[in-house]
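>>> Next come a sequence and a model predicted from it.
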Amino acid sequence: MRRFFTSVWEVIAFPFRLLYNILAFPFRAVRRFIKFLNTDPEDTPLAEIFANIATKTEMQQGVLQNIEVMRKHLLRAVGVLTLFIIAAFWAAVPVMEFLAAPMGGLENLQAIQVTEELGVFMRVAMMTGIAAAFPFLAFEAWLFIAPGLWSRDKKMGLIGIPISYLLFLAGMAFTFYVLLPAALPFLGGFTRIAEFWAAREYFNFVTGLMLWIGLFFEMPLAVYFLTAIGLVEPKFLAEQWRLAIVLIAVLAAAVTPTVDPVNMGLVMIPMIMLYFISIGMSYIARAGRRKAKAAAQDALEETGAG
């Protein structure tokens, strides 16, 4: 009889428990997230980590678990990116018209191949989807590396996601409003050959350049995070600035559509400035890492003394 009343009570209470769990879920999620932000990892040197991976079974299992976690993050990122690209189909034509403005409109571009218009449409939709999904992709990257960061670096990284998006958009805007107005007249007026540009070549050129320059503008934040997890030292970056300029010149030559020094310089100048800004960000990240490490050590000593 007792079991019967218990079953009846569970049936009656189930809707109320369900409602309570639904209402409490956001608060529990926020509490877990705040706890996650304020949890510091163990500070283990990289050399010791690699040695433990080679010798300890539990460390090897941890690496396999991290690979599985990375796979889940990648699957979520690819899934959301696919949804954004599909949604961008409705905005692809207005974006194409906007990007074709330097040429006087879409009517001044030609489709030579049968599938060229479809290919251009898909490429522009892909670029639009990537630009729109960038904050989510950055958040997934943060979620993956955050367990290895100090609490201060986790919070700075979370704040850095909208900043990284603004930097990405700034790089794309720099390409469209600064680089293209300088490059297109040079490309179109180099000889007396009549200009009948194919739509595929033009949009491949524009979208590729915008995406690459947008990614280059992420350099300061990337260096900050690499320093925060101990993979990069600011002293090394400061000492190797000459080599960095050479590498920047190679990258600028690779992504710049022309071989003239003017357009290459337009790409190199902001990249060099971003590199030196990255050095400053690296020093800030190292100082924060040392401060967090000292605070954790003091807390550990106080706990041990108590």
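Yep, it's here.
>>> Spit out the contact partners of the residue most central in space within the chain.
For the chain, the residue sitting closest to the mean C-alpha position, by CA atoms, centre = their mean, is A138 at 3.9 Å. By CB atoms under 8 Å, 6 or more residues apart in numbering, the contact set of A138 is I161, S164, Y165. For glycine as for every other residue, the C-beta is placed from the backbone atoms N, C-alpha and C.
>>> switch to 10 Å and redo it
Residues near A138 by CB atoms under 10 Å, 6 or more residues apart in numbering: A77, G157, G160, I161, P162, I163, S164, Y165, F168, E218, L221.
>>> from the residues you listed, which ones fall inside helices?
Judged by DSSP state H, the contacts of A138 include A77, G157, G160, I161, P162, I163, S164, Y165, F168, L221 as members of helices.
>>> The second one: neighbour count?
So that's G157. 23 (other CB atoms under 10 Å).
>>> So it sits against A222, correct?
No. Here G157 does not reach A222: they are 11.2 Å apart, not a contact under CB atoms under 10 Å.
>>> between those two, what contacts are shared?
Residues touching both G157 and A222 (CB under 10 Å, 6+ apart) are S164.
>>> So which bits of the helix or strand where the residue nearest to the centre of the chain lies are buried?
Under DSSP states H and E, the secondary-structure element containing A138 is helix 116-145. Buried residues in helix 116-145, counting neighbours by 16 or more other CB atoms under 10 Å, are found at 116, 120-121, 123-134, 136-145.
>>> One more: stretch 94-101?
V95, M96, L99, A100.
>>> shaky segments in the stretch 1-150 of the chain?
By pLDDT under 70, the low-scoring segments of the stretch 1-150 of the chain are 1-9, 11, 14, 16, 18, 20, 25, 33, 40-64, 66.
>>> Report the separation between Q113 and G208.
When distance is defined by CB to CB, to the nearest Å, Q113 is 19 Å away from G208.
>>> Which of those two has more residues huddled nearby?
The neighbour count for Q113 versus G208, taken as other CB under 10 Å, is higher for G208 (15 against 11).
>>> so where do the helices sit in this structure?
With DSSP H as the criterion, the chain has helices spanning 2-37, 46-55, 57-87, 92-99, 116-145, 151-174, 180-188, 199-216, 219-228, 234-239, 241-255, 261-305.
>>> Identify whichever of those lies nearest to L106.
Set against L106 and scored by CB to CB, the helices of the chain come closest in helix 92-99, at 5.8 Å.
>>> same for the closest one, what does it pack against?
Counting contacts by 3 or more CB pairs under 10 Å, 6 or more residues apart in numbering; DSSP states H and E, helix 92-99 packs against helix 116-145, helix 199-216.
>>> Switch those helices over to JSON lines; also include distance to G280.
Supplementary listing: these in JSON lines, determined by distance: least, CB to CB, whole Å:
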{"stretch": "helix 116-145", "distance to G280": "21"}
{"stretch": "helix 199-216", "distance to G280": "17"}
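>>> All set now, cheers.
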